[in-house]
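**Q** Quick one: sequence and predicted model below, then my questions.
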Amino acid sequence: MSEITDFDSLRRAMAENGEQPEGPARNARAEQLLVEAERLDIPLAVIEALGHQLKVYNYSSEKAKMFVPFARLLRMWDERPEDFDEYETHSLHWVFKWMSAGMLDQPHVPLASVEKWLGEMEHRYRLAGHSTRAVRSAEFSVAAHVGDVERAERAFSAWLAADRDTMADCHACELHGQGWWQAERGRDAEALALWAPVLEGEYTCAHEPHTVLASSLVPLLRLGRPEEARANHLRGFRLVRSMESMRGAYADHVEFCALTGNEARGLELLAERPAYFTDEGHPHSKLEFLSVVVLLMERLSELGLAGQRVPGPAGREWTAPELAEHARVEALALAARFDERNGTSYVSERARARMAQQPLVERLPLGVRAARPTSAAAAATGAAAPAPVQEAVEPDLAVLLAEAQRLSDTLQPHAVEAWARVARLAEEVDGVELDARDRAEIADHEAIGLGPDGAAAFEHAAELYARAGDPGEALAARARAAYVRALTGEIDEALAAVAEPYDRVLALYAEGDTEVPQAAGVLMGRARILMRRVHEAEGEVVDEAVLAEAEAAVRELLALVEGRAGTDVRLAARVAEGHAMLAELATHSGNPQAGAELFARAAAEFLATGLPWFAVEYEARLAGLAHQLGDMREAERALRAALEHGGPYLEAVGRAQLHLQLAEVVGGRGDAEEAAEHALESAHWADEAGAGPTLGAWARHQLGGFLVRQGRWAEAAEVLESALAELTAETHGDGAVVQTQWWLGDCLSELGEHRDAAERRLQAAEIARHWPEQHDHATLAHLAAESLGQAGLPTEADQAYARAGELWRGLGNVHGLVRSLRARAWLALRTEDGTDAARDLMASAVEECADAFDAADDDEARLRLVSELGHTHRQFGDLLARSAAEDADDDSIRATLEEALSQMAEAVAVFVALGEATVHARTGAELAAGWLETDLGRPAAAAARARAVLRAYADAEADTDPDAYGGSDEDGEHGTVRARRAEAEQLLQAAEEQMDR
């Protein structure tokens with residue numbers, strides 16, 4: 001912390017403190033600086049220190065402290081206005097607005113005092129010659145706060161009608177207030193139209209678009225635009241997260257989570273800001289925060305999570321109902337204080353309405369991880385569609401039996417549950433005994449529900465089928481028991497177990513003692529076991545004998561059932577499954593084309609049978625093969641079909657996998673927007689399935705990448721940071737970790753968070769350092785150096801560039817090496833006495849280009865090196881021109897400028913040699929050389945260079961259609977032409993004026 005010895009050191013200290021994070025520490029430092037200012041015995045120093053104190057109080061949770069320093073400033077103004085310079089005079093009148101808002105937000109300040117202050121503000125503004133626009137805006141805030149709609153509308157109109165002057169809030173803040181009122185009055189579309197310039201970045205300030213993004217969330221949801229709301233939440237929360245003074249906007253984000261099925265994220269937001277429960281400096285924002293805490297806690301209780309621990313005020317543990325009651329009591333007590341002050345009930349009514357809101361969207365995936373609350377209800381959402389809820393009427397056993405039989409005969413979902421209901425009712429009703437066939441069906445379906453643990457239940461079902469006089473179905477049940485053993489890895493034992501049922505059912509069928517369905521059941525069981533043996537060799541070369549035996553079993557099954565299915569859904573399903581088995585065998589045999597055709601046939605047969613949910617697995621397999629065969633259109637079609645046909649019966653993890661595959665395919669054809677939607681769905685369903693740390697993290701990684709491709713930097717950063725919390729080299733591969741860090745570094749760089757960008761890039765570079773191929777390592781080191789330089793850390797940036805240069809040299813990448821040398825030269829120029837080092841580094845860059853050109857044996861490589869040399873000469877010239885010290889003697893300056901001009905001339909010559917491909921680079925260097933000519937007093941030479949540029953663009957008319965140049969006037973080819981022509985005209989005019997003098 002620097003010592004305050006004079007006014008300049010005080011100003012530096014205040015500037016440094018202003019850059020610190022909002023909060024009590026910054027406020028305390030401002031208080032200390034005021035004491036230091038008083039010791040200087042300079043009135044303006046005290047005035048500036050008081051102004052600084054006011055500002056940091058206003059942008060913190062201690063807004064109530066503003067009144068004392070402002071009263072002192074106002075007294076000093078009244079006593080000695082001459083002590084205030086122009087800036088501080090403006091600042092004093094500006095802060096009147098803060099005082100108006102500050103009084104309104106403090107319930108202990110009487111409303112009469114607020115109204116009196118409005119009059120005082122208007123009087124002083126009039127005396128100072130300011131517009132009443134800010135006064136009317138403040139009056140509007142008072143009327144809106146107390147619920148006086150008629151007065152608010154009048155003040156609102158007067159606000160907009162008054163002239164804008166230097167006392168008006170910035171455009172961004174004004175638009176926020178105007179849009180907020182439209183939303184309050186139920187005019188959401190009008191609000192969003194007003195906010196559009198702020199949301200699009202046309203107007204910004206210290207707190208915008210932060211508050212507009214927060215205020216837009218609920219209006220967007222009410223208008224049915226949830227995707228925009230999600231984007232604004234991700235963008236906006238990132239902005240307010242670290243800003244202590246923005247409790248009200250923070251509350252809007254918690255509210256958004258409560259209204260969109262993102263209760264878990266809402267809890268995480270509460271946990272990040274425990275002080276918001278208790279900070280007293282700004283009662284109105286505390287009321288807003290506690291109101292949405294009640295809303296969130298009520299949602300948790302409605303979801304059956306009343307017993308879950310939740311983050312709340314420090315000192316004890318909280319459950320959702322306990323925190324809801326605590327927050328409600330405190331919030332309504334605060335609201336009552338405001339209403340007592342205001343003489344209305346408006347604030348309390350508004351708070352209660354906010355607490356009582358109902359969700360606006362059942363679920364809105366955000367793409368970021370959140371520890372999902374656990375409850376029976378929450379768990380159910382991650383499973384396949386539940387069985388239909390039965391009406392609360394006395395069940396009839398015969399009806400239940402008939403329904404269960406129908407479901408199982410037609411292979412409908414929930415047949416297992418239906419037979420379980422039959423079993424329960426039979427046990428509950430006295431005097432009812434099911435026959436052996438029904439008991440066999442119950443045991444059979446119980447075994448199906450047990451999965452790999454169902455062997456014993458299948459054996460029991462076989463016994464019951466035998467007692468019921470159906471030996472064929474008994475053998476089929478035994479075959480199912482054998483297959484269950486194969487699922488647990490006991491394939492040889494399963495084959496042994498199915499051998500007898502296989503021989504016996506063929507004999508029974510030959511003698512006419514069983515039917516096709518029963519025989520098919522045994523043959524299918526045996527074929528599945530043999531296919532299991534094929535699956536066990538996944539990734540290995542499968543023995544041809546194993547493949548041949550499995551194929552023979554499948555073809556034997558198909559020979560039995562094909563052409564005999566008729567209306568029997570079970571037999572039709574056997575045919576479809578048989579073709580799917582042949583598809584797998586074809587794939588294992590090295591014929592993916594045949595496999596794809598057979599999977600497509602199997603899926604089509606399931607669809608024709610009315611069993612679309614069975615087609616899903618094979619459509620997914622078909623998609624994989626189509627991808628392998630390069631048929632991306634078919635891969636995409638199959639994945640979309642799988643999602644459609646799975647409908648509500650897809651399990652969460654399956655849905656996540658399909659969406660992720662579709663995201664990759666769609667993204668591969670360049671549609672990053674739709675790909676992001678599928679990656680978002682994948683992340684959501686992975687979280688629902690409890691696979692967040694594995695599949696979910698990968699989906700978030702992909703989602704972040706697709707958002708990066710769209711330039712949605714803030715959203716991508718939130719998602720990628722979330723992904724990194726769960727991505728691991730062991731599970732996802734270190735390549736995924738590096739890519740995620742890389743993308744995140746790009747996002748942070750675009751957002752201006754250069755220090756954090758450097759950290760991410762350095763972390764990625766450290767992992768890539770251990771890879772055999774070092775290009776990524778070099779690139780990341782170079783990018784990290786760029787970020788360090790932009791973060792104002794020149795020493796660290798130089799070290800990183802030097803490291804990158806060594807890596808580029810080792811890779812034989814001259815272009816990377818030259819660029820690292822040029823960057824180091826510019827860094828050196830920024831340091832004290834760094835001019836010589838800068839020259840040496842730039843000269844080294846020129847030498848590296850020349851040496852590489854001599855060694856190159858490829859014409860294309862030589863052309864690229866010549867271009868690099870031209871750019872290096874150009875930058876060398878710029879560097880020399882900037883290095884000409886203003887306090888140097890005239891001869892020294894002239895010598896430096898001559899040297900700079902020589903480098904520019906070299907650049908022009910190089911670009912001329914490269915022809916039309918580098919016309920813009922050539923004209924840029926020509927213009928830079930021309931300005932140097934004017935600095936050296938050579939107007940004729942400068943004019944000649946200007947005319948050379950105009951000749952270069954002689955065929956490019958100023959009114960040429962921009963589309964002809966592939967871009968807009970500002971950003972495309974046409975924009976460059978116009979800019980070059982305009983600068984050449986300016987240079988020519990300057991040169992001619994210089995010649996006339």
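**A** On my side now, so go ahead. Numbers count the residues shown, from 1 in each chain.
**Q** so who does R151 touch?
**A** Counting by Cβ atoms under 8 Å, 6 or more residues apart in numbering, R151 touches 139, 143. Just so you know, the C-beta spots here come from the backbone N, C-alpha and C atoms, and that holds for glycine as well.
**Q** Need the pLDDT of it.
**A** We note a pLDDT of 96 for R151 in this prediction.
**Q** for the one 10 residues further on, same thing?
**A** Each residue has a pLDDT score; the one for A161 is 95.
**Q** That one and H130: what is the separation?
**A** Using Cβ to Cβ, to the nearest Å, A161 is found at 16 Å from H130.
**Q** With V908 instead?
**A** From V908 over to H130 (counting by Cβ to Cβ), the distance is 54 Å.
**Q** the more surrounded of these two?
**A** Neighbour count, other Cβ atoms under 10 Å: between V908 and H130, V908 has more, with 25 against 22.
**Q** And that one, its phi and psi?
**A** phi -60, psi -40 (degrees, to the nearest 10).
**Q** separation between the closest residue to A457 other than its chain neighbours and A943?
**A** Excluding its sequence neighbours, the residue lying closest to A457 (Cβ to Cβ, 6 or more residues apart in numbering) is A447, at 3.4 Å. For A447, the distance to A943 (Cβ to Cβ) stands at 96 Å.
**Q** Which of those two has more residues huddled nearby?
**A** Per other Cβ under 10 Å, whichever of A447 and A943 has more neighbours is A447, with 24 against 21.
**Q** Looking at the more buried one now. What's its pLDDT?
**A** We have a pLDDT of 93 for A447.
**Q** And for S968?
**A** pLDDT for S968: 44.
**Q** quick one: the residue nearest to A457 and A462 touch, right?
**A** No - using Cβ atoms under 8 Å, A447 is not in contact with A462; the gap is 9.8 Å.
**Q** tell me which helix or strand of this protein sits lowest on mean pLDDT?
**A** Using mean pLDDT, DSSP states H and E, helix 376-381 stands out as the lowest-scoring helix or strand of the chain, at a mean of 37.
**Q** Specify the next element, helix or strand, located C-terminal of it.
**A** Scanning forward in sequence from helix 376-381 by DSSP states H and E, the next helix or strand is helix 397-409.
**Q** which residues are contacting that following helix?
**A** Contacts for helix 397-409 (Cβ under 8 Å, 6+ apart): 412-415, 418-419, 421-422, 425-426, 429, 432, 438, 441, 445, 569-570.
**Q** and those residues, which of them are in helices?
**A** Under the assignment DSSP state H, the contacts of helix 397-409 contribute 415, 418-419, 421-422, 425-426, 438, 441, 445, 569-570 to helices.
**Q** Can you list the low-confidence ranges for the stretch 801-950 of the chain?
**A** The stretch 801-950 of the chain contains residues with pLDDT under 70 at 885-888.
**Q** Just the helices from it, written as ranges.
**A** 814-830, 835-855, 859-883, 890-914, 919-935, 939-952 (DSSP state H, counting those that start in this stretch).
**Q** Just confirm the residue nearest to A457 is within a helix.
**A** Yes - under DSSP: H, G, I helix; E, B strand; the rest coil, A447 falls within a helix.
**Q** give the contact list for it.
**A** A447 neighbours (Cβ under 8 Å, 6+ apart): 454-458, 460-461, 477, 480-481, 484.
**Q** Now with 6 Å, please.
**A** A447 sits next to 454, 457-458 when contact means Cβ atoms under 6 Å, 6 or more residues apart in numbering.
**Q** Separate out the buried members of those residues.
**A** Buried members of these, counted by 16 or more other Cβ atoms under 10 Å: 454, 457-458.
**Q** would you list those residues in a markdown table and tack on pLDDT?
**A** Output for the buried ones among the contacts of A447, formatted as a markdown table (pLDDT from 0 to 100):
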| residue | pLDDT |
| --- | --- |
| G454 | 94 |
| A457 | 95 |
| F458 | 95 |
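**Q** Between these, which sits nearest K116?
**A** Nearest to K116 among the buried ones among the contacts of A447 is G454, at 82.0 Å by Cβ to Cβ.
**Q** Distance-wise, check the closest one relative to V422.
**A** In terms of Cβ to Cβ, G454 sits 18 Å off from V422.
**Q** Please apply the same query to E473.
**A** 18 Å.
**Q** just E899 next, same as before
**A** Separation of E899 from V422 (Cβ to Cβ) stands at 97 Å.
**Q** neighbour count winner among the two?
**A** For E899 versus V422, the count of surrounding residues by other Cβ under 10 Å is larger for V422: 25 against 17.
**Q** Tell me how far the more buried one lies from A447.
**A** Distance from V422 to A447, by Cβ to Cβ: 15 Å.
**Q** now swap in I893 and tell me
**A** I893 is 94 Å from A447, by Cβ to Cβ.
**Q** give me the low-pLDDT residue ranges for this structure?
**A** Within the chain, the segments meeting pLDDT under 70 span 1-2, 371-395, 538-541, 885-888, 955-972.
**Q** Centre of it to the edge, which residue is at the far end?
**A** E511 (67.0 Å; Cα atoms, centre = their mean).
**Q** doesn't D756 make contact with Q790?
**A** No - using Cβ atoms under 6 Å, Q790 is not in contact with D756, being 11.4 Å away.
**Q** quick one: buried residues of the strand or helix carrying A191?
**A** Following DSSP H and E, one finds A191 within helix 188-199. By neighbour count with 16+ other Cβ under 10 Å, helix 188-199 contains the buried residues 188, 190-192, 194-195, 197-199.
**Q** For the stretch 601-750 of the chain, which segments count as helices?
**A** Counting by DSSP H, counting those that start in this stretch, the helices of the stretch 601-750 of the chain are 612-628, 632-646, 652-668, 672-688, 697-709, 713-724, 729-732, 734-750.
**Q** Quick check: which of the ones you listed is nearest to R803?
**A** Evaluated over those, closeness to R803 peaks at helix 734-750, with 16.0 Å, by Cβ to Cβ.
**Q** Following element in sequence after that closest one, please.
**A** helix 754-768.
**Q** what sits up against that following helix?
**A** Residues from elsewhere that reach helix 754-768, judged by Cβ under 6 Å, 6+ apart: 734, 738, 741-742, 744-745, 748-749, 776-777, 780-781, 783-784, 787-788, 790-791.
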